[in-house]
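**Q** mind looking at a prediction? Sequence and model below.
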Amino acid sequence: MALNYFFTILFLALGLSALLFGRAMFSFFLKIANDDELSKRVGLAIGIPGLALLIFILNIENWYFRVWSIVSFLFGLGFFLRGLFFIFFRNFLVSALEKMISMGKVVSVFAFLIMLCLSVLTVSRDYVGQ
């Protein structure tokens, strides 16, 4: 249950930071994606811990019965895929980030609402199994 509270606070903090600093975060990611060598290093630095988290969660028996393990699995998958995008799909990432910067507040508000819903889910539910 303690991990549920941790994820709740984390999602609220991420949502507020997306709402307040969304444009700056996207500009920072765009600067990283434009540099070829830095993009590969950041992709490895993000992808390897994501893969480790995926392996750790999948080794837990009945991992899909608890909200914290499902959220951890999704974090690992997200980090791993983000690392792959930074390494292999830089051009797509650059164009997507440029569109996100131009749409600005819409993307930030959408990210905030998603994070708010996830925080409510993690604080209100613990067991999702049979």
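**A** Looks like it arrived, so ask away.

**Q** ok, longest helix in this structure?
**A** helix 2-34 (DSSP state H).

**Q** from the middle of its chain, how far away would it be?
**A** 8 Å (Cα atoms, centre = their mean, to the nearest Å).

**Q** do the same with stretch 87-94
**A** 17 Å.

**Q** just the mean pLDDT for that stretch, thanks.
**A** Stretch 87-94 shows an average pLDDT of 91 in the prediction.

**Q** pull the contacting residues for T122.
**A** 4-5, 7-8, 11, 67-68, 71 (Cβ atoms under 8 Å, 6 or more residues apart in numbering). C-beta here means a position set from N, CA and C on the backbone, and glycine is covered the same way.

**Q** residue boundaries of the helices in the chain?
**A** Going by DSSP H, the chain shows helices at 2-34, 36-58, 67-88, 90-103, 105-124.

**Q** low-confidence stretches in the chain?
**A** By pLDDT under 70, the low-scoring segments of the chain are 1, 129-130.

**Q** what about R125, how many residues nearby?
**A** 12 (other Cβ atoms under 10 Å).

**Q** isn't it right up against F65?
**A** No. With contact defined as Cβ atoms under 8 Å, R125 and F65 do not form a contacting pair (11.2 Å).

**Q** who are the contact partners of the closest residue to F73 other than its chain neighbours?
**A** Nearest non-adjacent residue to F73, counting by Cβ to Cβ, 6 or more residues apart in numbering: I57, 4.6 Å away. Residues near I57 by Cβ under 8 Å, 6+ apart: 63, 69, 72-73, 76.

**Q** of those, buried ones?
**A** Buried members of the contacts of I57, counted by 16 or more other Cβ atoms under 10 Å: 69, 72-73, 76.
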